[in-house]
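Q: Just to be clear, the model below is a prediction. Sequence and coordinates:
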Amino acid sequence: MKKDFGKITFWKSISVIIAVIGLFSFYIRFSKGLGSSTHLSDFVPWGLWIGFDFIGVGLAAAGFTIAATAHIFHNHKYESIARPAILTAFIGYMMVVALLVIDLGKPENFWHPLIMWNIHSVMFEITVCVMCYSTILSIEFAPVILEKYNFPRLLKFIKSITPGAIILGVLFSTLHQSSFGSLYLIVPGKVYPLWYSSFLPVHFFISCIAAGLAMIIFEAYLCARAFGQGLNIRILSGLGKGILIVLCIEFVFKFVEIFTVGKAPLLFINASETYFFWLEILIGFVFPVWILTNPKYKVNRTGIYFAAILTISGFMLNRMNVCITSLVRSSGQSYSPSFEEIGITLFLVMAAMIAFKVVVEKFDVFEPEEALQEENKIAENGEMVLQKQHVN
Amino acid sequence: MNEQMGLLFDASECIGCGSCYEACKAENKLPVTNKDFLKDHLSDKTYTVVEQYGDLYARKMCMHCAEPTCVSVCPVGAFTKTKLGPVLYDENKCIGCRYCMQACPHSMPRYEWGSTSPRVKKCVLCHHRLEKGQLTACAEACPVEATLCGKVTDLVAEAKRRIKENPGKYYPHIYGLEEAGGSNVMVISPVPFEQLGYSSKVPKQAMPDFTMQAMEKIPSVVSVGGIFLTGMYWLTKRKNKIAREDNENGEGKRK
């Protein structure tokens, strides 16, 4: 990697362009205010940034699903992807928090929820959960850093509190992942009925699980390209199967509700919402499910990668639909993000990708399969010896 | 609630003179935003407007709900429902998340988009005047009986009396009596309310209830989830250990 540091590559030039645009957008945002830097208005108070916060948090969901699978349900098969999943979640949350603060009208007051509590507010609950979960993610990821710099006592302490931290992390994630949907429960008159549901928090929770798993596959693909370190096909197809199950549950849940509540006619009327809804179903459900059930593709790397990218795209479209499309009609104003909104979003996405790359290069995030198995065996033996001594 | 103050707007009495608009601007020291008040719209510099619908006029302003959505959704509690009735905003607490604007069933809060330290702006029901026992500026300025200021219970009685004593003159509904769980500002009109630009999609339920349905499940999710996960952690760990021991013993015997 270091050899071609000086070379001008396609991605490097793109990064420089995004960095320039991003910094310029930051300048406009903070010197001129939200009015001049965004296309938000009194009728569209939330736009791309809030939508992207939903997306970022959802795509980081593997942080709790994989951590739970590997460390609570002790499914060792997925242990090797627990670290990348937790790192993704950590960086994802940092990005989301940054974007949330940039979106605040008074970013200097971002700390107010720490001392000013309104326990009836979903936004307050989300703020608290995101803060607590970010702390937990740093505990979960700390061993990777500490191993490298050799702090055995601190490492031992952190490892001793990790199981509890993981359980708390799953709880906090369940709460705030669903609460992003709860934000819209209070606006039944405004959200277009195809997306409004009193089960919105459940929809948000289910769909983030599929998106989080898909994100891990997508990352594995990018890492395989960058470092030539692909994921084991057994893990990949296991994740693919997980996505398939979750997508099907969400689909059945969504459509049973649409039909029982009598919203079915909306599925066939000629309205822009109808098209956006079906596009979301097509990209986020039909295509990935077709790939993941096809015997030829479901055990094929490229097939699974494609299914993952489609799942992520469908998920992104869903969040944007809830956040933007569903509100256009009631607000009476259409919205498209401004240059600065796009600029800052791209900048943060790029920063997150670079941060991920740097950490993966510096620390043992992706453990080599064999080393891991070896380590497991040693750990198991050690445990057993201890137990035998105890019995004797 | 019965001691709280509110407003009753009667669209059939309004002559569209704009006195309320001018009085509101003067009372709240708001700058001129439009030479023709009928063409103005609510903004951070305009707390109330008079809109023309054919030969009828409709006033728009914050409804000062009995159980306000903004009070319920604000993460830092920047909104309060005061004892006197007005819903007030504290700019020193606000972080600027704009959830109040997104959530308000009447879409009333406005934002200072042009500022680098923006505040939420809306009608304050002249709380500083109510405190002194005065009427709101708009009600005091109204030359006819279109905008009345008084105790909510009296206003409801007056609205009912007008509807009852003038059969056929009014559309038989008091907008704001039940909308969003009821509000301190109410409207009566000769025509259905959506014809005057009042949203017909506002539920009759108090809006914070919608959130409570989800929020009240949090304690059970946490306790059941916590017990389940801890149980699974212990069980699967034990299961793996037993499986390993069995494996080991089996191998041992074969050897």
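A: Great, that's in hand.
Q: Ignoring the adjacent residues along the chain, who's closest to the residue nearest to the spatial centre of chain A?
A: By Cα atoms, centre = their mean, the mean C-alpha position of chain A lies nearest to residue A:59, the distance being 1.7 Å. With Cβ to Cβ, 6 or more residues apart in numbering or on different chains as the criterion, residue A:59 has its nearest non-adjacent residue at 4.4 Å, and that residue is residue A:215. All C-beta spots, glycine's among them, are computed from the backbone N, C-alpha and C.
Q: now do residue A:133
A: Setting aside the residues directly before and after it, residue A:133 is nearest to residue A:172 in space (Cβ to Cβ, 6+ apart), at 4.3 Å.
Q: quick one, what contacts that neighbour?
A: Residues in contact with residue A:172 (Cβ atoms under 8 Å, 6 or more residues apart in numbering or on different chains) are A:129, A:132-133, A:136.
Q: Over to residue B:221?
A: Per Cβ under 8 Å, 6+ apart, neighbours of residue B:221: A:171, A:174-175.
Q: about what we covered before: would you mind measuring from the residue nearest to residue A:133 to residue B:226?
A: Computed as Cβ to Cβ, to the nearest Å, the residue A:172 to residue B:226 distance reads 11 Å.
Q: next one: residue A:283
A: Using Cβ to Cβ, we find residue A:283 at a distance of 36 Å from residue B:226.
Q: closest point of chain B to chain A, which residue?
A: In chain B, the residue that lies nearest chain A is residue B:96 (2.3 Å; Cβ to the nearest Cβ).
Q: Could you measure from the closest residue to that residue other than its chain neighbours over to residue B:153?
A: Distance criterion Cβ to Cβ, 6+ apart; nearest residue to residue B:96, sequence neighbours excluded, is residue A:105 at 2.3 Å. Per Cβ to Cβ, residue A:105 is found 37 Å from residue B:153.
Q: Compare the two (neighbour count), which wins?
A: Applying other Cβ atoms under 10 Å in any protein chain shown to residue A:105 and residue B:153 shows that residue A:105 carries more neighbours, namely 24 against 13.
Q: Work out for me the element the more buried one sits within.
A: Using DSSP states H and E, residue A:105 maps to neither a helix nor a strand.
Q: Quick one: residues contacting it.
A: By Cβ under 8 Å, 6+ apart, residue A:105 lies in contact with A:34, B:94-98, B:111, B:117-119.
Q: sorry, back to before: does the residue nearest to residue A:133 belong to a helix, a strand or coil?
A: State at residue A:172, reduced to three classes by DSSP: H, G, I helix; E, B strand; the rest coil: helix.
Q: What's the per-residue pLDDT of residue 50 here?
A: All of this is about chain A. pLDDT recorded at residue A:50 is 93.
Q: my bad, the chain I had in mind was chain B
A: For residue B:50, the predicted pLDDT is 94.
Q: Give me the packing partners of the helix or strand that contains it, helices and strands only.
A: Assigned by DSSP H and E, residue B:50 belongs to strand B:49-53. If you count contacts as 3 or more Cβ pairs under 8 Å, 6 or more residues apart in numbering or on different chains; DSSP states H and E, strand B:49-53 packs onto helix B:19-27, strand B:56-60.
Q: how big is the angle separating the first one from strand B:56-60?
A: Comparing the axes of helix B:19-27 and strand B:56-60 via axes from the mean of the first three to the mean of the last three Cα atoms, to 10 degrees yields an angle of 30 degrees.
Q: Low-confidence regions, the chain specifically.
A: Defaulting to chain A. Within chain A, the stretches with pLDDT under 70 are A:1-7, A:228-230, A:367-392.
Q: meant chain B, my bad for not saying
A: In chain B (pLDDT under 70), the answer is B:1-2, B:250-255.
Q: can we see that at 80?
A: Applying pLDDT under 80 to chain B flags the ranges B:1-2, B:248-255.
Q: Show me which positions of the biggest helix by length in it end up buried.
A: Looking across chain B with DSSP state H, the single longest helix is helix B:218-254. With burial defined by 16 or more other Cβ atoms under 10 Å in any protein chain shown, the residues of helix B:218-254 counted as buried are B:218, B:229, B:233.
Q: Likewise for stretch A:242-260?
A: A:242-244, A:246-247, A:250-251, A:253-254, A:258.
Q: which residues are in contact with that stretch?
A: Counting by Cβ under 8 Å, 6+ apart, A:194, A:197, A:199, A:202-203, A:206-207, A:209-210, A:213-214, A:217, A:263-264, A:266-267, A:281, A:284-285, A:288-289, A:292-293, A:307-308, A:311 sit against stretch A:242-260.
Q: again, but for stretch B:79-96
A: By Cβ under 8 Å, 6+ apart, the residues outside stretch B:79-96 that reach it are A:104-107, A:109-110, A:112-113, A:116, B:3-6, B:62, B:64-68, B:70-71, B:74-78, B:100, B:118-120, B:122, B:124-127, B:130-131, B:152, B:184.
Q: circling back to that earlier point, what's the offset of the strand holding residue B:50 from the middle of its chain?
A: Centre-to-centre, strand B:49-53 and its host chain are 21 Å apart (Cα atoms, centre = their mean, to the nearest Å).
Q: partners of that strand, with directions?
A: Its sheet considered, strand B:49-53 pairs with strand B:56-60 (antiparallel) by DSSP bridges.
Q: which stretches of the stretch 101-250 of chain B form helices?
A: Under the criterion DSSP state H, counting those that start in this stretch, the stretch 101-250 of chain B contains helices at B:127-131, B:137-141, B:152-165, B:208-215, B:218-254.
Q: And the residue lying closest to residue A:336 once chain neighbours are set aside, how far from residue A:57?
A: With Cβ to Cβ, 6+ apart as the criterion, residue A:336 has its nearest non-adjacent residue at 6.3 Å, and that residue is residue A:39. Look at residue A:39 and residue A:57: by Cβ to Cβ, they are 23 Å apart.
Q: More neighbours: the two, which one.
A: Taking other Cβ under 10 Å, residue A:39 and residue A:57 do not tie; residue A:57 has more neighbours (30 against 17).
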